[in-house]
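Enquirer: generate coordinates for the sequence data below:
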Amino acid sequence: MAEISTGAQLATFINVFPTKPRDQQRLVDLIVKAHEELIRHRPGYISGNVHRSTDGYQVVDYTQWDRREDFEAMVRDPAVAPHFAPIGELTQGRQCAYDVVYSHVAEGGTTHE
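Expert: This is a model prediction of the structure:
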């Protein structure tokens, strides 16, 4: 499960992928497949979450790693390219590293699964 707090010492990457509504589900499927078959098995991986916009025009991939270097090593690994190539055929994502600067959970808040 993703940990979102200002005190967490981890690396967060948010990738935003523009898409067309007709391609959105295919893009989601490819990103989830990459997580299931490869990314989640990499050293330093903590969590991954894939979100799709309700208008069909974006997919967001939110991942957390122990260290930025763990993520960078995964991206540089030649074994990763075959998993990312089909994603690149549909869209060009924008990947950025982020620091959490604010996080709040409502008192008595619930988690929906």
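
Enquirer: list the buried ones in the helix of greatest length in the chain?
Expert: The longest helix of the chain (DSSP state H) is helix 21-37. Across helix 21-37, burial judged by 16 or more other C-beta atoms under 10 Å covers 23-24, 27-28, 30-31, 34-35. Where you see a C-beta, it was placed from the backbone N, CA and C, and this is true even at glycine.

Enquirer: can I get those in JSON lines with distance to Arg76 and pLDDT?
Expert: Formatted as JSON lines, those follow (distance: C-beta to C-beta, whole Å; pLDDT from 0 to 100):
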{"residue": "Asp23", "distance to Arg76": "27", "pLDDT": "97"}
{"residue": "Gln24", "distance to Arg76": "28", "pLDDT": "97"}
{"residue": "Leu27", "distance to Arg76": "23", "pLDDT": "97"}
{"residue": "Val28", "distance to Arg76": "25", "pLDDT": "98"}
{"residue": "Leu30", "distance to Arg76": "20", "pLDDT": "96"}
{"residue": "Ile31", "distance to Arg76": "19", "pLDDT": "95"}
{"residue": "Ala34", "distance to Arg76": "15", "pLDDT": "94"}
{"residue": "His35", "distance to Arg76": "18", "pLDDT": "94"}
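
Enquirer: I'd like those as a markdown table, with distance to Gly88 appended.
Expert: Listed next are the buried residues of helix 21-37 as a markdown table, based on distance: C-beta to C-beta, whole Å:
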| residue | distance to Gly88 |
| --- | --- |
| Asp23 | 13 |
| Gln24 | 16 |
| Leu27 | 11 |
| Val28 | 15 |
| Leu30 | 10 |
| Ile31 | 12 |
| Ala34 | 11 |
| His35 | 16 |
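
Enquirer: show me what the longest helix of the chain is packed up against.
Expert: strand 45-52, strand 58-65, helix 81-90 (3 or more C-beta pairs under 8 Å, 6 or more residues apart in numbering; DSSP states H and E).

Enquirer: which one of the ones you listed has the most crowded surroundings?
Expert: Of all the helices and strands packed on helix 21-37, strand 58-65 has the most neighbours on average by mean count of other C-beta atoms under 10 Å, namely a mean of 21.

Enquirer: residues making contact with that strand?
Expert: Contacts to strand 58-65, defined as C-beta atoms under 8 Å, 6 or more residues apart in numbering, come from residues 2-3, 10-19, 24, 27-28, 31, 39, 44-53, 71, 91, 93.
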